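Engineer: What follows is a protein structure lacking sequence information:
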């Protein structure tokens, strides 16, 4: 087994975590070890109350070219571990690779350049925002191999694209550019420097209460497709929890005294 880390994670003084896919020589193609390391990292970040934003990027020429099919096919035991689930409605390890970013209680921003294909696109679709370079390309590539997207795309794609756009990409495996991806909702914003733009946006979020960031993300993830009654209940309940938290008083103080801003406490909202 290689000792090369498949991902790196650096947390700076602004409490912003930068996660980098670190397999540039393979165009950041996803092998079993990358699945393991990403899933372990998202579990850690979910528990870290100090993290205020996460940015995910790829090293080298491309964000992620998709699955390393050859690598994954050489070990049938690993393939079974990847797809196995002990209960049908729970995510397996492949689905968790994308969906677990939704469980991190702060904004998760994907900074995309070059190829973002197949499993790489499903990975990025699990984030809250996707900022792409002008040269980025996107493809739901699985149909090329006689497969369907099965890494959580059935949840993520429906929230960011219309059904007909999703079906077109999934049925044809066509490659689209960043402008088209932005037009159909797959990309949040196109920028000359995706990482710099993502970082500036993360700083805007850092200026707000970490409880507000967590509550907003949880509220809309839980209610976007829910009944109106559930949405109204959770909206009120989460507002009470945020309003009673210590960071609410700090937020008010920061607005009233911008020249002497108090630092927020670690996230309290759960």
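Structural biologist: Received the coordinates, thanks. Given the structure is predicted, the values throughout are model-derived calculations rather than measurements. Residues are numbered from 1 along each chain as shown.

Engineer: hey, let's count contacts and neighbours off CA atoms from now on
Structural biologist: Will do.

Engineer: ok, residue 96 to residue 81 distance?
Structural biologist: From residue 96 over to residue 81 the distance is 12 Å, taken as CA to CA, to the nearest Å.

Engineer: okay, those two: which has more neighbours?
Structural biologist: residue 96 (21 against 13; other CA atoms under 10 Å).

Engineer: residues contacting the closest residue to that one other than its chain neighbours?
Structural biologist: Counting by CA to CA, 6 or more residues apart in numbering, residue 39 is the residue found nearest to residue 96 once chain neighbours are left out, at 6.8 Å. When contacts are counted by CA atoms under 8 Å, 6 or more residues apart in numbering, residue 39 touches 93, 96, 97, 100.

Engineer: who wins for neighbours among these?
Structural biologist: residue 97 (26 neighbours).

Engineer: That one is in what secondary structure piece?
Structural biologist: Using DSSP states H and E, residue 97 maps to helix 93-99.

Engineer: The helix or strand following that helix: which residues count as buried?
Structural biologist: The helix or strand immediately downstream of helix 93-99 is strand 108-112, counting by DSSP H and E. Residues of strand 108-112 classed as buried: 108, 109, 110, 111, 112 (neighbour count, 16 or more other CA atoms under 10 Å).

Engineer: Distance to residue 9 and pLDDT for the contacts of residue 39 - can I get that in CSV?
Structural biologist: Converted to CSV, these look like this (distance: CA to CA, whole Å; pLDDT from 0 to 100):
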residue, distance to residue 9, pLDDT
93, 20, 92
96, 18, 94
97, 16, 95
100, 16, 96
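
Engineer: So which residues of the stretch 1-150 of the chain form helices?
Structural biologist: Ranges of helices within the stretch 1-150 of the chain are 32-47, 69-73, 76-83, 93-99, 119-125, based on DSSP state H, counting those that start in this stretch.

Engineer: still on that earlier bit, closest one of the buried residues of strand 108-112 to residue 54?
Structural biologist: residue 108 (4.7 Å; CA to CA).

Engineer: is the closest one in a bridge, and if so with what?
Structural biologist: Using DSSP bridges, the bridge partners assigned to residue 108 are residue 54.

Engineer: Looks like it contacts residue 127 (just checking).
Structural biologist: Yes: Residue 108 is within contact range of residue 127, at 5.2 Å (criterion: CA atoms under 8 Å).

Engineer: How is the chain divided into domains?
Structural biologist: Taking automatic domain parsing as the criterion, the chain consists of the domains 7-205, 209-260.

Engineer: and the end-to-end length of the first one?
Structural biologist: To tie it back to what came earlier, the one meant is domain 7-205. 24 Å.

Engineer: Now find how far off-centre that domain is within its chain.
Structural biologist: Centroid separation between domain 7-205 and its chain, computed with CA atoms, centre = their mean, to the nearest Å, is 6 Å.

Engineer: Done for today, thanks.
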